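1. This is a predicted model, with the sequence first.
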Amino acid sequence: MQSINNQTVKIISSIILVQGGILLFWYFTSDNFFASFGFSTLANVNFLAWVTAALVVALYAWGAASISTVREHMFKLNGLKYLALLGAIVSGIFEELVFRKLLMDYLQEQGHGNFIQVIVSGLAFGLAHLVWGGKALSAAINATFYTFFLGAGLALVYIISDRNLAICIVAHTLVTGLIEPGLIKSALLDKLGYFKERT
């Protein structure tokens, strides 16, 4: 189990370094990097957006809790969890910038409606998580299927909130903070079957 913990640390650390490095690059090469997030106007986000974000977080965390390693680590506070929480913040910012702000705003500029934006954002987010299939095709399909719905849910939140990225970052960070490092460990232990835990 120690080797699984070490591998989990390496994976989370790699995510933090890669995504965090790109965020730092964007920060140093962009004007008003943080202004585009919408944290200053978060208090003005409508009630429906907050309810939708809460539902996305609750439903996704509940679904992921069907995996035993996710349940085991969901509220366990230790060094691995603290690292995962840092990773959740970095991923929450990076992935929402890419899959919601950049992608969806581009689609809107190209004249695509909200439905297309939600579907394309969800598909792109799901396909980006094919990397979970390092051990098995079933893990890749599982991750892609479920993260499509998470991405689409967050895309819906983005639209309902009048494109406030901050609420999406908060929701994404909460989801990742709850399900990691358990989900990574389940992938390393080859427990991710087709839409359920492999026994």
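-> Perfect, I can see it now.
2. so how far is the least confident helix or strand in the chain by mean pLDDT from its chain's centroid?
-> For the chain, counting by mean pLDDT, DSSP states H and E, helix 182-188 ranks last in confidence among helices and strands (a mean of 88). For helix 182-188, the distance between its averaged C-alpha position and the chain's averaged C-alpha position is 15 Å (CA atoms, centre = their mean, to the nearest Å).
3. Please apply the same query to stretch 27-38.
-> 20 Å.
4. buried sites along it?
-> Neighbour counts over stretch 27-38 (16 or more other CB atoms under 10 Å) mark Phe37, Gly38 as buried. No exception for glycine: its C-beta is placed from N, CA and C like everyone else's.
5. does Gly182 really touch Phe75, like I thought?
-> No. If you go by CB atoms under 8 Å, Gly182 and Phe75 don't touch, sitting 10.3 Å apart.
6. who's more crowded, those two?
-> Each of Gly182 and Phe75 has its neighbours counted (other CB atoms under 10 Å); Gly182 has more, 25 against 8.
7. who touches that one in this structure?
-> If a contact means CB atoms under 8 Å, 6 or more residues apart in numbering, then Gly182 has Ala64, Ile67, Thr69, Val70, Arg71, Glu72, His73, Met74 as its contacts.
8. Pick out whichever of those residues sits closest to Leu188.
-> Checking the contacts of Gly182 against Leu188 with CB to CB, the nearest one is Thr69 at 9.1 Å.
9. Mind telling me which residue is nearest the centre of the protein?
-> Per CA atoms, centre = their mean, the C-alpha nearest to the average position across the chain is that of His172, at 4.8 Å.
10. For the nearest residue to that residue once chain neighbours are set aside, give me its contacts.
-> Of all residues beyond its chain neighbours, the one nearest His172 is Gly92 (4.1 Å), with distances taken as CB to CB, 6 or more residues apart in numbering. Residues counted as contacts of Gly92 (CB under 8 Å, 6+ apart) are Ile169, Val170, His172, Thr173, Thr176.
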